[in-house]
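In: Whatever this is, show me its structure:
(one chain, ligands or ions: 2)
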Amino acid sequence: MLNNYLSIKPEVDSAIKNGLPVVALESTIISHGMPYPENIKTAVEVEKIVRENGAVPATIAILNGKLTVGLNEDELELLGKSKDIVKASRRDLPFIVAKKMNGATTVAATMIIAAIAGIKVFATGGIGGVHRQAQETFDISADLQELANTNVAVVCAGAKSILDIGLTLEYLETQGVPVVGFGTDEFPAFYTRKSGFKVDYRVDSEAELAKAIKAKWDLQLKGGLVIGNPIPYEYEMNHEYINKAINKALLEAESRGIRGKETTPFLLSKVKEITEGKSLESNIKLVYNNARLAAKLSVELSKL
Ligand code: PSU
Ligand code: MN
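Out: Ligands and ions are numbered 1, 2, ... in the order given. Next comes the predicted model:
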């Protein structure tokens, strides 16, 4: 039954069936997280980096209603260029599938589809989280609930300070989601290596991390993990500079009444505009860094 809804690229399918390393990649970052043409260039390069590090890349999206695992260049191009690709999180899946629409999958939706396909490791830029002022808006990304329930390890560069990082970490604790720092004691804040918040556990190698992930799932502790991989030093942005830009973007979002699923894409493009493209440059570099780690992690996991 499930198979009627799925379309897995043959290369990815055979890698999964043979227990070879595979890395899932999301598509909201392509359609809604970065401008054209940088989005497509980045998506292609990310796949290349995953391969260079020993794993098969599987970018995930919904195409004509099919949960699609592994995209070709034309499909990446469509996701990056077309204006009517819906941002698809968990609640959107049934309708995008039933109406045979195209959807770009968020972290939550990508985790769901990766888990259905049998992929354990996923690389992205940043996860969604508890937004600032969530006390009033209730704006908490469905990504967090997915991390609580779906068995996929998510490599990210932490959470952006467009979010309330402290509340995001509290939420993850309540849901029993391990938050790991790769080579760091601090949870990274996307554009910067530090957020002022500690991680639960620090690991310094992919092999060490793979063992803990295996233990979690062997023990049937359902759900994912957040692996915070700090942006490389050379691409890190100045704290004050980026936080000022973010605050400005937040004010503008508020005055324009931006709400719901539009919030994250709006803030990302505003921050890019305010920083004259510097935030995009960092964003791209940290995604590459995450793809590298995720590939190496999936290689280690496939050995266990
Ligand atoms: N953070 C980024 N870039 C992104 C996103 C988050 O730096 O593109 C996307 C991811 O797909 C994430 C989603 O899952 O935004 C979260 O959206 P929301 O807050 O509406 O759940
Ligand atoms: Mn939201």
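
In: Quick check: which element contains the residue nearest to residue 49 when sequence neighbours are not counted?
Out: Using CB to CB, 6 or more residues apart in numbering and skipping residues adjacent in sequence, the residue nearest residue 49 is residue 291, 4.4 Å away. (C-beta placed from N, C-alpha, C; glycine too.) Using DSSP states H and E, the element containing residue 291 is helix 278-303.

In: elements contacting that helix?
Out: strand 22-25, helix 38-52, strand 121-123, strand 153-156, helix 206-218, helix 263-274 (3 or more CB pairs under 8 Å, 6 or more residues apart in numbering; DSSP states H and E).

In: Can I get these in a markdown table including distance to residue 190?
Out: Compiled in a markdown table, the helices and strands packed on helix 278-303 are given as follows (distance: least, CB to CB, whole Å):
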| stretch | distance to residue 190 |
| --- | --- |
| strand 22-25 | 17 |
| helix 38-52 | 15 |
| strand 121-123 | 14 |
| strand 153-156 | 8 |
| helix 206-218 | 20 |
| helix 263-274 | 10 |
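
In: how about the ones you listed in a markdown table, adding mean neighbour count and distance to residue 194?
Out: Below are the helices and strands packed on helix 278-303 laid out as a markdown table (neighbours: other CB atoms under 10 Å; distance: least, CB to CB, whole Å):
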| stretch | mean neighbour count | distance to residue 194 |
| --- | --- | --- |
| strand 22-25 | 30 | 26 |
| helix 38-52 | 19 | 24 |
| strand 121-123 | 29 | 21 |
| strand 153-156 | 27 | 15 |
| helix 206-218 | 17 | 20 |
| helix 263-274 | 20 | 18 |
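
In: nearest to residue 5, of these?
Out: Nearest to residue 5 among the helices and strands packed on helix 278-303 is strand 22-25 (16.6 Å), distances taken as CB to CB.

In: Which strands border that closest one, and is each parallel or antiparallel?
Out: strand 56-63 (parallel), strand 121-123 (parallel) (DSSP bridges).

In: what sits against residue 58?
Out: Shown in contact with residue 58 (CB atoms under 8 Å, 6 or more residues apart in numbering): 8-9, 12, 22-25, 69-70, 114, 117, 119.

In: Please name whichever of the helices and strands packed on helix 278-303 is nearest to ligand 1.
Out: Closest to ligand 1 of the helices and strands packed on helix 278-303 is helix 263-274 (CB to the nearest ligand atom; 4.2 Å).

In: which residues are contacting the closest one?
Out: Applying CB under 8 Å, 6+ apart, the contact partners of helix 263-274 are 32-35, 87, 128, 131, 139, 141, 162, 242, 245-246, 248-250, 252-253, 256, 258, 279-280, 283.

In: check whether that helix contacts ligand 1.
Out: Yes. Interface with ligand 1: helix 263-274 contributes 264, 268 (CB under 6 Å from any ligand atom).

In: Okay, angle between that helix and helix 278-303 too, please.
Out: Relative orientation of helix 263-274 versus helix 278-303 (axes from the mean of the first three to the mean of the last three CA atoms, to 10 degrees): 130 degrees.

In: angle of helix 263-274 against helix 38-52?
Out: Going by the same axes, to 10 degrees, helix 263-274 makes 100 degrees with helix 38-52.

In: State the number of residues packed around the residue lying closest to residue 128 once chain neighbours are set aside.
Out: Of all residues not flanking residue 128 in the chain, residue 141 sits nearest, at 2.6 Å (CB to CB, 6+ apart). For residue 141, the count of nearby residues is 25 (other CB atoms under 10 Å).
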